[in-house]
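S.K.: One predicted model, sequence on top.
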Amino acid sequence: MIVVLKPNISKKDETRVVREIRRLGYKPHVIHGVERTVIGAIGDERTHHTLETLITFPQVESVMPVQKRYKLVSRQAHPANSIINVRGNLIGGTKFHVMAGPCSVESEKQLLKTAQAVKAAGATILRGGAFKPRTSPYEFQGLGTKGLKILAKARQETGLPIITELLSEDHADMVAEYADVLQIGTRNAQNFQLLIAAAKTGKPVLLKRGLSMKIEEWLLAGEYILAHDNPGLMFCERGIRTFETYTRNTLDLSAIPIIKNESHCPIVIDPSQGAGRAELVLTMCKGAVAMGADALLVEVHPNPAEAWSDGAQQLSLEGFKQLMAAVQPFIAAAGRE
Ligand code: PEP
Ligand code: MN
């Protein structure tokens, strides 16, 4: 940690801070500048008291960490890109992946029809919510276990692995029995007990960014997965809440180069929740591919106007087919297959 003292501090005040740093178990290194004194405190916060309390000293101006708070998700810990194996589909490698399917599983017919269409168009993973996190308790909450069974059937018929949301710790083992990837939704992105439960299933985890989550908080949430011995973490940017209301959320594509710099884990972009409007999805996908995303997560429905959730942002089967063709040159230009 770096402890910056206020300007023109007396030697006696400086000594008090130095003594406190030692008392807390750290080694102080005092650097006298022209106006200010800065103290480097060497030690590990996991085995010592936190130094942040030093800010309560009247002579201290600020206390800043030098080391990053996340370790296992960081590029420093693992310089090569992590590749996540989802039933033989390698996410984060040279092949670009598209996960597609309805927001919610509504019926066997709806899901099978969508699964076959997205597969034919080139999607490699099938999405579909069985447990839905809805803002209002009066909205469709998902088919639950029945939805999971329908997803398993669609996998059997198409060979597509499935990604579905894990909403509760209580469901972790049950959802993991059906799912190939567990999705942690934006509303649960900092539900640490849920993250731990997801990690412990051993299934790959796709961690959505929280609605108002800073990148550092997102990386730290991801750290929970790796710290619980699950290397299968993927980050997913799905739009954050800003002052803008034209779109449902503001899709922060700058998350792509930032996650790529900071972490070795794949980054997936969800332009459906991101824009909330079907007509914007294709352009967002092109941008995401060009900027180096590893995969897309796109909502597709046989009849978006009649969808039980997120109708405005879902693509029709034909719309998805067109999207796949239109992003192809961008995938090639990004050096991916
Ligand atoms: C979804 O993918 O349908 C969903 C609910 O996502 P999010 O958690 O990003 O809102
Ligand atoms: Mn949705």
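M.R.: Thanks, I have the structure now. All values reported here derive from a predicted model rather than from experimental measurement. Residues are numbered from 1 along each chain as shown. Ligands and ions are numbered 1, 2, ... in the order given.

S.K.: Closest residue of the stretch 1-150 of the chain to ligand 1?
M.R.: Across the stretch 1-150 of the chain, the shortest distance to ligand 1 (C-beta to the nearest ligand atom) belongs to Cys103, at 4.5 Å. (C-beta placed from N, C-alpha, C; glycine too.)

S.K.: burial of that residue, as a residue count?
M.R.: Using other C-beta atoms under 10 Å as the criterion, Cys103 is surrounded by 24 other residues.

S.K.: Name the nearest residue to the residue of the stretch 1-150 of the chain found nearest ligand 2, sequence neighbours excluded.
M.R.: At 3.3 Å from ligand 2, Cys103 is the closest residue in the stretch 1-150 of the chain, using C-beta to the ion. Of all residues not flanking Cys103 in the chain, Asp310 sits nearest, at 4.0 Å (C-beta to C-beta, 6 or more residues apart in numbering).

S.K.: Does the one you found touch Glu299 like I think?
M.R.: Yes - Asp310 is within contact range of Glu299, at 6.1 Å (criterion: C-beta atoms under 8 Å).

S.K.: quick one: low-confidence parts of this protein?
M.R.: Across the chain, nothing is flagged by pLDDT under 70.

S.K.: Ligand 1 contacts on that one?
M.R.: Neighbours of ligand 1 within the chain, by C-beta under 6 Å from any ligand atom: 103, 129, 133, 185-187, 208, 238, 273.

S.K.: my guess is Ala117 meets Gly319, correct?
M.R.: No - applying C-beta under 8 Å, one finds Ala117 not in contact with Gly319, separated by 10.5 Å.

S.K.: ok, now which ones touch Gly93?
M.R.: Gly93 sits next to 81, 83 when contact means C-beta atoms under 8 Å, 6 or more residues apart in numbering.

S.K.: run the last query once more with 7 Å
M.R.: Applying C-beta atoms under 7 Å, 6 or more residues apart in numbering to Gly93 gives the contacts Ile83.

S.K.: what about it, which SS state?
M.R.: Put simply, Gly93 is coil when judged by DSSP: H, G, I helix; E, B strand; the rest coil.

S.K.: Now it: phi and psi?
M.R.: Main-chain dihedrals, Gly93, degrees, to the nearest 10: phi -100, psi -150.

S.K.: So which residues of the stretch 151-300 of the chain form strands?
M.R.: For the stretch 151-300 of the chain, applying DSSP state E, counting those that start in this stretch gives strands covering 162-165, 181-184, 205-208, 233-237, 267-269, 295-299.

S.K.: thought the residue of the stretch 1-150 of the chain closest to ligand 1 was touching Glu299?
M.R.: Yes - counting by C-beta atoms under 7 Å, Cys103 does reach Glu299; the two are 4.9 Å apart.

S.K.: got any residues that touch both of the two?
M.R.: Joint contacts of Cys103 and Glu299 (C-beta under 7 Å, 6+ apart) are 310, 314.

S.K.: Run a quick neighbour tally on Ile31.
M.R.: Applying other C-beta under 10 Å, we find 10 residues neighbouring Ile31.

S.K.: Tell me if it really is in a helix.
M.R.: No - under the criterion used here (three-state DSSP), Ile31 is strand, not part of a helix.

S.K.: For it, which non-adjacent residue is spatially closest?
M.R.: Using C-beta to C-beta, 6+ apart, the nearest residue to Ile31 is Val38, at 4.8 Å.
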